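S.K.: From the sequence below, what's the structure:
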Amino acid sequence: MKIISILFSCILFFACNEKKEVLREPLHTPKQQVFQLPELPSKMYFAGDLIYLEDEDIRERLDRELLTNVYLQSATSQIIKRAHRWFPLLEKILKEEKVPDDFKYLAVIESALVEQAISPVGAQGFWQFMPFTAKEYALEMSTEVDERLDVEKSTYAACSYLKQANLQFKDWVLAAASYNRGMGGVTKDLHWQKASSYFDMEQNHETGRYVYRILALKLILENQQAYGFSIPNSQKYPIIRTKKYLISKTISNLSDWAISKGYNYKILKKLNPWILQTHLTVKNKKYTLLLPENNEKIRPYAYYQQ
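M.R.: You can find the predicted model right below:
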């Protein structure tokens, strides 16, 4: 019995040691490929001006915004999809107003191209106008109407601001920075820091990142596949072609009005987010309401059940 007990102990000892040896072996997991950002360019253009990117501080600031937006994939993917719908309109107005095409990327960082975007401080719309600035640039705000949410009218208003800022600074980059800081704030910073360029100024946290955000979104949207986004056009949001209705008389019930045109209030609101109520009072000005063209796939749900 003693011999059997000794043999059993030896077997148990060697079995335990063998198990420990197995556990000591490193676990081999399949290697995962991590997407790497392309190398930063040494220079790029913004609003027709050459931006030099050799400076290490400038590169680090731009890299931060690229990393933030590239790896925030769901948000940036939605921006790419919305840009397919909205960029043609923005490009048309910017060209008409003789504002550089690159300022469409300012709208991107302001609102992510969400028509009804609202900031914690009360700015609204594509171009995030504050109430006092909206009135300064002739955007109507009332209990029934908020033209900050009208993409076309607010884009014209933004162009007016940017042209005024560029007239003051003779520099489109500073004009862009002033959209965040205000013309007075940028002027003050230039003066006391004895600077002549945005890239030489120490700014508050928000303005200090502002232009770099614009540059980052320009790089991503103009080089989507290089930055890891491969969204086919079939998955991007299409332009919704619309027909215009000039409204010169008060509409007491917008739902009834939309239904009389073959649509509904939900569709009316989608295409006219600047409407705040279920009625529209007309006094001293006319309004233009948009509804889809007849062959657009935006209709009352019953249409698809036929």
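
S.K.: what's the spacing between the nearest residue to residue 100 once chain neighbours are set aside and residue 171?
M.R.: Leaving aside its sequence neighbours, residue 100 sits nearest to residue 47 (Cβ to Cβ, 6 or more residues apart in numbering; 3.7 Å). All C-beta atoms are positioned from the backbone trio N, CA, C, and that covers glycine. Computed as Cβ to Cβ, to the nearest Å, the residue 47 to residue 171 distance reads 9 Å.

S.K.: now do residue 276
M.R.: From residue 276 to residue 171 the distance is 38 Å (Cβ to Cβ).

S.K.: The two: which is more packed in?
M.R.: residue 171 (19 against 14; other Cβ atoms under 10 Å).

S.K.: Contact partners for that one?
M.R.: 49, 197, 198 (Cβ atoms under 8 Å, 6 or more residues apart in numbering).

S.K.: The last one reaches residue 173, doesn't it?
M.R.: Yes - under the criterion of Cβ atoms under 8 Å, residue 198 lies in contact with residue 173, with a separation of 4.8 Å.

S.K.: who wins for neighbours among the contacts of residue 171?
M.R.: When neighbours are taken as other Cβ under 10 Å, the top entry among these is residue 198 (25 neighbours).

S.K.: Can you give me the neighbour number for residue 160?
M.R.: 15.

S.K.: sec struct for it, please.
M.R.: Here residue 160 is helix, with the state taken from DSSP: H, G, I helix; E, B strand; the rest coil.

S.K.: Residue 238 too?
M.R.: coil.

S.K.: So the closest residue to it other than its chain neighbours: helix, strand or coil?
M.R.: Leaving aside its sequence neighbours, residue 238 sits nearest to residue 85 (Cβ to Cβ, 6+ apart; 6.4 Å). Under the three-state scheme (three-state DSSP), residue 85 adopts helix.

S.K.: doesn't residue 242 make contact with residue 85?
M.R.: No - using Cβ under 8 Å, residue 85 makes no contact with residue 242, being 11.9 Å away.

S.K.: which ones are touching the spatially most central residue of the chain?
M.R.: The centre of the chain sits closest to residue 112, judged by Cα atoms, centre = their mean, with a distance of 1.9 Å. By Cβ under 8 Å, 6+ apart, the contact set of residue 112 is 75, 78, 79, 82.

S.K.: Just give me the neighbour total for residue 87.
M.R.: There are 19 residues near residue 87, going by other Cβ under 10 Å.

S.K.: Now it: closest residue in space, sequence neighbours ignored.
M.R.: Distance criterion Cβ to Cβ, 6+ apart; nearest residue to residue 87, sequence neighbours excluded, is residue 104 at 5.8 Å.

S.K.: Please look at that neighbour and residue 90 and confirm they touch.
M.R.: Yes - using Cβ under 8 Å, residue 104 is in contact with residue 90, at 4.4 Å.

S.K.: Quick check: neighbours shared by residue 198 and residue 173?
M.R.: Joint contacts of residue 198 and residue 173 (Cβ under 8 Å, 6+ apart) are residue 211.

S.K.: care to break the chain down by domain?
M.R.: The chain is divided into the following domains under automatic domain parsing: 43-235, 242-305.

S.K.: looking at the ones you listed, which is closest to residue 35?
M.R.: Proximity to residue 35, assessed across the domains of the chain by Cβ to Cβ, is greatest for domain 43-235 (4.9 Å).

S.K.: For that closest one, give the mean pLDDT please.
M.R.: Average pLDDT, domain 43-235: 97.

S.K.: Work out for me the element the residue nearest to residue 87 sits within.
M.R.: helix 104-111 (DSSP states H and E).

S.K.: Just the buried residues of the helix or strand following that helix, please?
M.R.: Using DSSP H and E, the next helix or strand after helix 104-111 towards the C-terminus is helix 131-136. Neighbour counts over helix 131-136 (16 or more other Cβ atoms under 10 Å) mark 133, 134 as buried.

S.K.: Now find how far off-centre helix 131-136 is within its chain.
M.R.: Relative to its chain's centre, helix 131-136 lies at 22 Å (Cα atoms, centre = their mean, to the nearest Å).

S.K.: So what touches that helix?
M.R.: 122, 141, 147, 148, 157, 161.
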